[in-house]
Each structure stands twice: as structure tokens, then as C-alpha cells.
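Enquirer: Fold the following for me, if possible:
(chains A and B)
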Amino acid sequence: MAFRPSRRAVVAGLSSALAAVSARGAARPRLVIVGGGVGGATAARYAAIWGRGALDVAMVEPSETYATCFFSNLYLGGLRSFDSLVHDYEALARRPGLRIVRGFVERIDRERKLVALSDGSSLAYDRLILSPGIDLDFGSVPGYSDVAAEVMPHAWKAGPQTKLLKARLDAVPDGGLIVMIAPPNPYRCPPGPYERVSMMAHALQAAGKRKTRIVVLDPKDKFSKMGLFQEGWDRRYPGVVEWQDPTIHGGIKGVDAATMTVATDFEERRADLVNVIPAQRAGRIARDAGLADATGYCPIDASSMRSAADASVFVIGDACIAGDMPKSGFAANSQAKVAALAALADLVGAPPTPAYYESTCWSLLTPTDCVKVDGVYEARGGRIKEVAGFVSDTGEADERRRRNVDEAQAWYDAMIADVFG
Amino acid sequence: MPSYATAGGEEASDRTAALAARCAACHGPGGGRGAIPAIAGLPAREIADKLRFFRDAGPKRDVMTTRASRLSDADIDALANYFASRTPDRPD
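Expert: Residues are numbered from 1 along each chain as shown, chains lettered A, B, ... in the order given. Down below sits the predicted model:
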């Protein structure tokens, strides 16, 4: 029997609306969440807490564990173990009203409100929250592919690729050349490639490889926290990092994994390590469901994270078009709470609650020098707009930068507890 | 949704839950540790005073200053009461 919100509950707040739903007994509303990354796990956790057992919440995720992309650069820099990035779903699975379904989503049937899994089973939903993350567009760099990625890692999804990049980095000889191909906008974690450059430079320095160089080939003419990173590279790793915009390299022509070469309009170079971070788009599940537009990402309603294409579906995290918000784990966590509350309000017939969004991204230049970018966002004029925020200043005191490192470490632990706890 | 007293009744409590969830992103569900201080279980007055300080006179380039900048007095009092009623082992 399909769930219908009662008219009586519409005037009440969420708490009494939930009580009314529970009292009715039958036909508990069904919320399905696809994806167990930061967005999906946060949505599942908060839906379970706020739903107080009045709903059936199911989160579908194929993997037993999740490795965070954020802080994976610190693993590359030798500051953290890989294991410290990996988290499981055991605490979430113990939450009353929340079921973790291990499965691979084959397709979403929006007409029948079904999520079809690859084992032939399916899950019916009244509301669906999609948090599929990004897919890499290997074709955006000629010569690059999933096979080439085994030689020239992207490491833009944390896991085996991250370990491969670390192993390759550690094997680069002194005097060797590292080339990073940076991604075009919009992409996951705007400061991420440049923090990665910093952490690779740190790893080289710590290993005494003073003659190794890192060349960044960027399709963009500017990037997140650009002044801060360039100041940091000049000060901390003088002569190590060379960043090239399109006016310098003339265009990225492609890569050849067999010869470890990278071709630009200007030259062809053989490198000891090539890190290709290709263009990105919303995860396949959301695109196949017809929720993405021509940009490859999914438009949403700024006040609820509801898909512009389907009122029963919410799209959160890196897959959505979130206005001024970056594609960050922090942003996904924030959007997940908005979507969970909006979905719950739908399901029990409660009025909507204002949407609050925020994101802070900490980037390490060295183990003791960290810069940050911060924003608070609200729905304004149909889009998510920054209403307050800041970026670290160039020339800040060492002590302040050191405090940022401590803050970042404390944030990581808190965020993990808020997502997976 | 946890139960707690707010001046605005249920509408306010939904709003407070949404606001409190923002805090958890850095302070953690049970209150932070290390460089980000714990807030669960602090006296309501202390929490409210700190939030008003950040909103009205917070340092530049500080996460708390931007977070507090959008809070009303009613939001601050509701958050203070909410976190004063929490404990680290009973964060939800």
C-alpha cells in the first residue's frame, strides 16, 4: 500500500507529524538513499535520527568500507596512514530504523519509484536521495583510459588508485620529473590538486630528493586559493613546482602510458610519474536516471536539494549543481542534512525547514602550514549563494597556519563521527 | 528529533535541529575535541555568550565568525539550550 501523508499532519511540525505517522501503524514511509559516501551516509544517519523509527530508511552501497578523498593527500605526503582514511558502516547499521543494503544499483525506475539492484532485487521508495559522487571522463585527456590509469594514476577516488599514486611517488628518482594534469571546472575538491602538489613536494623534500621537479599542466588560467598555494610553493619548495596555464603549455594534447609521455602544444616530455586528473561529471546512476543536464551534473532546488527533474528525488554531493558551493565532503555533509530534513517533511507532511549550507576546506602546504577557504550559503533567487565566507590571507603568521593544521585534524575526526557514527 | 524546550514550539524545534546539525560538522555529534572545543553539556549561558561574541565581534577569517554571522538572537538561545541539554555520550 502506497504511503500518503495525512492532511491532519500537514499543519504540525516534524515531531508531531512523525508521531501521527507512527500512530497510524501501517504503510511506513520509505526513504531510500543511494551511495554510502559522505553525502549518502550523512543523509542516512540524520534521516534515522530525525525519523525516530517512524520511517524505513535504507542506504544502498556496494562497498563494505569508504575511504575519504579528503585527507588522502596527507597520506601521499606521508602524514597519515591509508587505513586512517577508511571507515566502515557498522555504527550506522546499528541505528534503529536504518538498513544498510549492500548492493550495486543497476538503474532507477522513476516512474515506478523503484531502485533496481544488479542481483535482480529492487527497493521501492516514497522519496529517494541520490549521492552517487562523480564519474571520471577518461576521454577528456586523449590517450587516457581506465587501463592507462593503472600506469598513470588519477587517484581522484580514494582507494587502490591512491595507494598506486603513493607507490609511484615514492619510486620517483631524485632528479626525476612528475607531471600532473589538472582537471577543468567543475570538479571534486577545487583546492585538491594543488594540495596534492604541496604534499608530493613535501614527500620529495622529506626523502631528500631535492632535484625532482613537479610540473602542473592546467587547462584553467586560475584555481582555488591560487595566491596562497603559489606563495607556499615559492616559500616552502623553491624551484620545485612549475605551474603552467594554457598560455604557457598551449594546450594538453594527450598522454601515452606505454612511453610515459605527456604531449602539449609546446613539447612532448617523458615523466617518471604522471598523475592525470580528468574532467568529471555526475555519477552514472544519476545521469542514467535522466537527472543531469547538458553540463553532466544535476540541477536541484536550492532550498531543499530536490531534483529539478523529479519532486520525489533529491540529489546531493558532488553530483549536483550547488551554485556557489564547492564540490567538497563538507558541502555534501551539509547538503545531506538539508535533503534529509526536506525528505522527512515530505514523507510525514510537515512544513519545510529553512536550508542552511556551509563548507570549509583546509589545505596543507606543509605538515605545519595549512590554509583554508570557508563559506556559508543560503537559497537566494533560485540558487545556492554564498552569504558569508573568507579565504586565508597570504603572509599570515606561522602560528596561525599551525593552528589551522590542528583545526583540520580535529575537524576530520568530528566530520567522520557526524557521517559514519 | 530530540525533545527540548524552545520558545517557538515545534516549528522552532525543527529549525533548531537543522541549526544544531550544522555545528556537528566540526564539533562532532557529541562535541568536539582537540583544537575544536566540545560544546555538548556546556552551560547555556556560556554557549550563547560565545555565539554572540562571534556574531557581533568575531575575528576575521574564522569559521565561527562566518557561522554565527547568520544567527538571530532566537537561534542563538535555541542552540544554547539544545547543546546545554546534550552530553557527549548522548549526542542525538
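Enquirer: could you measure the spatially most central residue of chain B against chain A, distance?
Expert: Central residue of chain B (Cα atoms, centre = their mean): residue B:79, 4.0 Å from the mean position. From residue B:79 across to chain A, the span is 12 Å (Cβ to the nearest Cβ, to the nearest Å). C-betas here are computed from N, CA, C, even on glycine.
Enquirer: Helix or strand: which one has that residue?
Expert: Per DSSP states H and E, residue B:79 falls inside helix B:73-84.
Enquirer: Who are the packing partners of that helix?
Expert: Applying 3 or more Cβ pairs under 8 Å, 6 or more residues apart in numbering or on different chains; DSSP states H and E, one finds that helix B:73-84 contacts helix B:9-27, helix B:44-57.
Enquirer: If you compare the directions of it and helix B:44-57, what angle comes out?
Expert: Helix B:73-84 runs at 140 degrees relative to helix B:44-57, counting by axes from the mean of the first three to the mean of the last three Cα atoms, to 10 degrees.
Enquirer: and the lowest-mean-pLDDT helix or strand in chain A with helix B:9-27, angle?
Expert: Lowest by mean pLDDT, DSSP states H and E among the helices and strands of chain A is helix A:14-24, with a mean of 72. Relative orientation of helix A:14-24 and helix B:9-27, computed by the same axes, to 10 degrees: 110 degrees.
Enquirer: Can the next helix or strand after helix A:14-24 be said to contact chain B?
Expert: Beyond helix A:14-24 on the C-terminal side, the first helix or strand identified by DSSP H and E is strand A:30-34. No - applying Cβ under 8 Å from any Cβ of the partner chain, one finds strand A:30-34 separated from chain B by no less than 15.2 Å.
Enquirer: Tell me how far strand A:30-34 lies from the chain's centre.
Expert: 20 Å (Cα atoms, centre = their mean, to the nearest Å).
Enquirer: Can you tell me which helices and strands whatever helix or strand comes next after it packs against?
Expert: Next along the chain after strand A:30-34, taking DSSP H and E as the criterion, comes helix A:38-51. With contacts defined as 3+ Cβ pairs under 8 Å, 6+ apart, helix A:38-51 has these neighbours: strand A:30-34, strand A:56-61, helix A:90-93, strand A:98-102, strand A:127-130, helix A:329-348, helix A:398-420.
Enquirer: Tabulate the CA atom coordinates of helix A:38-51 in CSV.
Expert: C-alpha atoms of helix A:38-51 as CSV (Å, rounded to 0.1, in the frame of the first residue of the first chain):
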residue,chain,number,x,y,z
VAL,A,38,29.9,11.4,2.8
GLY,A,39,26.6,12.7,1.4
GLY,A,40,24.7,9.4,1.4
ALA,A,41,25.9,8.2,4.8
THR,A,42,25.2,11.6,6.4
ALA,A,43,21.7,11.6,4.9
ALA,A,44,21.1,8.1,6.2
ARG,A,45,22.3,8.9,9.6
TYR,A,46,20.3,12.0,10.0
ALA,A,47,17.1,10.5,8.5
ALA,A,48,17.4,7.7,11.0
ILE,A,49,17.9,10.1,13.9
TRP,A,50,15.3,12.6,12.9
GLY,A,51,12.9,9.9,11.7
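Enquirer: Quick one: work out the angle between it and strand A:98-102.
Expert: If you take the same axes, to 10 degrees, helix A:38-51 sits at 150 degrees to strand A:98-102.
Enquirer: How far off centre is helix A:38-51?
Expert: 16 Å.
Enquirer: How about it, which residues are buried there?
Expert: Across helix A:38-51, burial judged by 16 or more other Cβ atoms under 10 Å in any protein chain shown covers A:38-51.
Enquirer: so which of those residues would you say is closest to residue A:232?
Expert: Nearest to residue A:232 among those is residue A:38, at 26.4 Å by Cβ to Cβ.
Enquirer: can you pull the contacts of residue A:266?
Expert: Residue A:266 sits next to A:248-250 when contact means Cβ atoms under 8 Å, 6 or more residues apart in numbering or on different chains.
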